[in-house]
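following is a predicted model, sequence given first.
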Number of protein chains: 2
Amino acid sequence: MATLRDVAREAGVSLATASRALSDAPHVSAANREQVARAAAALGYRPHPAARALTTGSTGTVGLVVPDLANPFFAAVAKGVQSRARETGREVLVADTDEDVTVEPDVITRLGDRVDGLVLCSPRLPADALPPLLGAAGGPVALVNREAPDVPSVSFDIADGVRQALDHLRALGHDVVAYAGGPRSSWSDGERRAALDALSTAARGDAVLDLGSFRPTHGGGVQAADLALAAGATAVLCFNDLVALGVLARLHARGVATPDDVSVVGFDDVAAAALVTPALTTVAVPLARAGRVAVDLLAGGSPAPEHRRLPVELVVRASTAPAAPALPDSRPSVTDPEVAIR
Amino acid sequence: MATLRDVAREAGVSLATASRALSDAPHVSAANREQVARAAAALGYRPHPAARALTTGSTGTVGLVVPDLANPFFAAVAKGVQSRARETGREVLVADTDEDVTVEPDVITRLGDRVDGLVLCSPRLPADALPPLLGAAGGPVALVNREAPDVPSVSFDIADGVRQALDHLRALGHDVVAYAGGPRSSWSDGERRAALDALSTAARGDAVLDLGSFRPTHGGGVQAADLALAAGATAVLCFNDLVALGVLARLHARGVATPDDVSVVGFDDVAAAALVTPALTTVAVPLARAGRVAVDLLAGGSPAPEHRRLPVELVVRASTAPAAPALPDSRPSVTDPEVAIR
DNA sequence: GAACGCGCTGGAACCGGTTCCAGGCACTCC
DNA sequence: GGAGTGCCTGGAACCGGTTCCAGCGCGTTC
């Protein structure tokens, strides 16, 4: 492997000049610049990343921590991080915590030492567990899909997404909407619930039915569907698309027609949402773009940490339809002991 | 940030001794070893990866190149690579080529400089494009899901998977099976076709109907379904699960019952395969394990490159059923101009 | 008691770049 | 013609580790 020393010798200049020439620094004559470029090309010179990192203190690498690479949500974010990093000449070091928040400190520490900045996508991490991790990172951190004081972040306008979904369902005549929630420790579930609270108290007679918390997976959706059916819900808004897919599957299995009997709305607009039958109405969230923005936030050294909130958009597909004229007793009542009306 | 020099001073020993103590090298007294460990802990010392890489020549990092992180197939491989790398104290640098084989040389070169070894998962790359890339990597390379001379690889026993699928379908009475193939440049499509050839010539009267090559996606499956229907096929074996999911969706949309009218078999056993309706019968392929094995192959410096072929297993779910008693003219004939009988 | 060997130790070289700093040269301006 | 200015240039220090090698102290053996 050719080193800079070889290039300098070949070009007949000193090490310092060769370095300056290759890094487009000033104080190099055009002739020497040319000579060095020629020599580097001839020798197939490629700078040694570790050597460069040692002196400059910058590795040209960003880290990405996600709970599960196989989850399409995080995969989409990872793609965004990846592509933006590549565009800006950086590589990405990725860590999958396998949904185990207890390994995060270790993962973050290990990654933090080798990167210029860390994109952290840990929706399930409790808010109070976050600050110590930021210290462990030992460098700039950008959060995806959650917000915290003093840390730059990219999140989504969840409240608006919830509003769009609710407006859509209410316009279809569903004045009671069931919510199949996500994990309690999840920041974004909190946002959804806050938005639902605000929107149901503001409305006249419209209500939101809290089905509870479910694992943010297909299996969680299966459970939620049974509860929704027991409560007689005609419309279910789900924490995310995976849950919605589970709801769809369970309704189908129990012989309940979607969207004729029950409408279902998801969140995220994961690739599969458009492919299932019936195609899922869902709140599209710019996952890849969030990944890209996160990378940019790392670069922009932030005196005042920037919080970017990306717009979302409801995409109406085939899983929602007008409510059937309701039978009075098939509607949940406020006194129903099994579910809480918000 | 504390450096080794600080640790040495704190422990009252030389730089050399401190280094030896921390790396468990011999020629350090027990007392000093203890002193150094104590000092390192007190100072929160963490070795500087770039400095270490510069002298040792090893980065403690493996690279992974995949066409698309959002594709569940590659996501599963990535998870395997990730977890095995972590277990063995290495980090993983990941690159997504966005299904563009023309960027692979660049990606591999850039990654190759910063890693100890590269896991390459590029199913769509033509065989003759491979050798130059291996040179560009500038280090050990392990291939996943394809084989090539002189390069260690992990692949799957595709022939056996095809056999299991065919046996299953034939046992159900489908003596003509349509194959919805993948991209021609794909190594694994070649394997499937070779296996199908072998198995159909060997059989008596059984045949395999080549529907052609499709993009290895849901959309490809939609196209394949139309051709399968046109050919009057009662059983379709698909290049992979994404295609199979597309076939399922299209059959459903066209009012064809699965599995009653047409049986469908996938390949890979991606997570979604178990979740769709009807649940997909498919050849399960140990994706994550392949990723893990690939990482191990990188470590074992290979004088004779090792080719590991992992076993696969048909999982029978709900998308396959006995063939309906055939109407003579609904069966494709050898003279049907639209399709080739193998 | 002297020669020998062995284990521990620290000084120094080295990995491959970047960058500070002093020096040199040509050119301009008084 | 001499001083001053500015651009290039290369020697050398430095980043933070690892490792070679010479030296030293101690215990052993004849």
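Perfect, I can see it now.

which residue is the nearest non-sequential neighbour of A:A42?
A:E10 (6.7 Å; CB to CB, 6 or more residues apart in numbering or on different chains). C-beta here means a position set from N, CA and C on the backbone, and glycine is covered the same way.

name the residues that touch the helix or strand the one you found falls within?
In this structure, A:E10 is located in helix A:4-11 according to DSSP states H and E. Applying CB atoms under 8 Å, 6 or more residues apart in numbering or on different chains, the contact partners of helix A:4-11 are A:14-15, A:17-19, A:21-22, A:32, A:35-36, A:38-40, A:42-43, A:45, A:47.

out of the residues you listed, which touch DNA strand C?
A:15, A:19, A:22, A:45, A:47 (CB under 7 Å from any atom of the strand).

secondary structure class for the second one?
Secondary structure state of A:S19, per DSSP: H, G, I helix; E, B strand; the rest coil, is helix.

what pLDDT is listed against it?
Per-residue pLDDT puts A:S19 at 97.

same check on the first one?
A:L15 is assigned 96 on the pLDDT scale.

ok, it to B:D268 distance?
Using CB to CB, to the nearest Å, we find A:L15 at a distance of 52 Å from B:D268.

which one of the two is surrounded by more residues?
B:D268 (28 against 13; other CB atoms under 10 Å in any protein chain shown).

what does the stretch 1-150 of chain A put close to chain B?
Residues of the stretch 1-150 of chain A lying near chain B by CB under 8 Å from any CB of the partner chain: A:1, A:46, A:48-51, A:53-54, A:59, A:61, A:68-70, A:72, A:75-76, A:78-79, A:82-83, A:86, A:91-96, A:98, A:107, A:109-111, A:113-114, A:138.

of these, which are in range of DNA strand D?
A:L54.

can you pull the buried residues of stretch A:105-125?
Going by neighbour count (16 or more other CB atoms under 10 Å in any protein chain shown), the buried part of stretch A:105-125 is A:107-108, A:110-125.

inside strands: which ones of those?
A:117-120 (DSSP state E).

could the residues you listed go into a markdown table alongside distance to DNA strand C and pLDDT?
Shown next, in a markdown table, are these (distance: CB to the nearest atom of the strand, whole Å; pLDDT from 0 to 100):
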| residue | distance to DNA strand C | pLDDT |
| --- | --- | --- |
| A:G117 | 18 | 96 |
| A:L118 | 23 | 97 |
| A:V119 | 25 | 98 |
| A:L120 | 28 | 97 |
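
what separates the helix holding A:E10 from the chain centre, distance-wise?
Centroid displacement of helix A:4-11 relative to its chain, using CA atoms, centre = their mean, to the nearest Å, is 46 Å.

right, is that helix up against DNA strand D?
No. Applying CB under 7 Å from any atom of the strand, one finds helix A:4-11 separated from DNA strand D by no less than 7.7 Å.

so what's the model's average confidence on that helix?
Mean pLDDT, computed over helix A:4-11, is 96.

ditto for stretch A:89-98
pLDDT averaged over stretch A:89-98 gives 97.

what does it contact?
Under CB under 8 Å, 6+ apart, the answer for stretch A:89-98 is A:60-69, A:78, A:81-82, A:85, A:103-104, A:107, A:110-111, A:114-116, A:122, A:295, B:61, B:78-79, B:82-83, B:86, B:91-95, B:110-111, B:114.

ok so, going back, show me which residues of the helix holding A:E10 are buried.
Across helix A:4-11, burial judged by 16+ other CB under 10 Å covers A:4, A:7-8, A:10-11.

and the residue of the stretch 151-300 of chain A at minimum distance from DNA strand C, what is it in contact with?
Here the stretch 151-300 of chain A gets closest to DNA strand C at one residue, A:A299, 17.0 Å apart by CB to the nearest atom of the strand. Contacts for A:A299 (CB under 8 Å, 6+ apart) come out as A:88, A:117.

Three-state assignment for the closest residue to A:D260 other than its chain neighbours, please.
Distances taken as CB to CB, 6+ apart put A:A321 closest to A:D260, at 6.1 Å, once the chain neighbours are dropped. Following three-state DSSP, we place A:A321 in the coil state.

hmm, A:A321 is touching A:L172, no?
Yes. With contact defined as CB atoms under 8 Å, A:A321 and A:L172 form a contacting pair (6.6 Å).

what do these two both touch?
Common neighbours of A:A321 and A:L172 (CB under 8 Å, 6+ apart) are A:S263.

the more surrounded of these two?
A:A321 (20 against 17).

now do the more buried one against A:A171, distance only.
For A:A321, the distance to A:A171 equals 12 Å [CB to CB].

for the stretch 101-250 of chain A, give me the ranges with low pLDDT.
Applying pLDDT under 70 to the stretch 101-250 of chain A flags residues A:201-205.

show me what residue of it gets nearest to DNA strand C.
A:D116 (14.4 Å).

backbone dihedrals for that residue, please?
Backbone torsions of A:D116, given as degrees, to the nearest 10, read phi -80, psi -20.

before we move on, what about A:V295?
Main-chain torsions, A:V295, degrees, to the nearest 10: phi -60, psi -40.

which residues does it contact?
A:62, A:80-81, A:84-85, A:88, A:90, A:119, A:142.

need these in a markdown table (columns: distance to A:R289 and secondary structure).
What follows is the contacts of A:V295, written out as a markdown table (distance: CB to CB, whole Å; DSSP: H, G, I helix; E, B strand; the rest coil):
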| residue | distance to A:R289 | secondary structure |
| --- | --- | --- |
| A:V62 | 16 | strand |
| A:G80 | 6 | helix |
| A:V81 | 11 | helix |
| A:R84 | 9 | helix |
| A:A85 | 14 | helix |
| A:T88 | 15 | coil |
| A:R90 | 18 | coil |
| A:V119 | 13 | strand |
| A:A142 | 14 | strand |
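
any of those buried? List them.
Buried, going by 16+ other CB under 10 Å: A:62, A:80-81, A:84-85, A:90, A:119, A:142, out of the contacts of A:V295.

quick one on the thing from earlier: which of the contacts of A:V295 lies closest to DNA strand C?
A:R90 (15.2 Å).

what's around the closest residue to A:D206 other than its chain neighbours, how many residues?
Nearest residue to A:D206 in three dimensions, chain neighbours excluded: A:D175, at 4.9 Å (CB to CB, 6+ apart). A:D175 is flanked by 17 other residues according to other CB under 10 Å.
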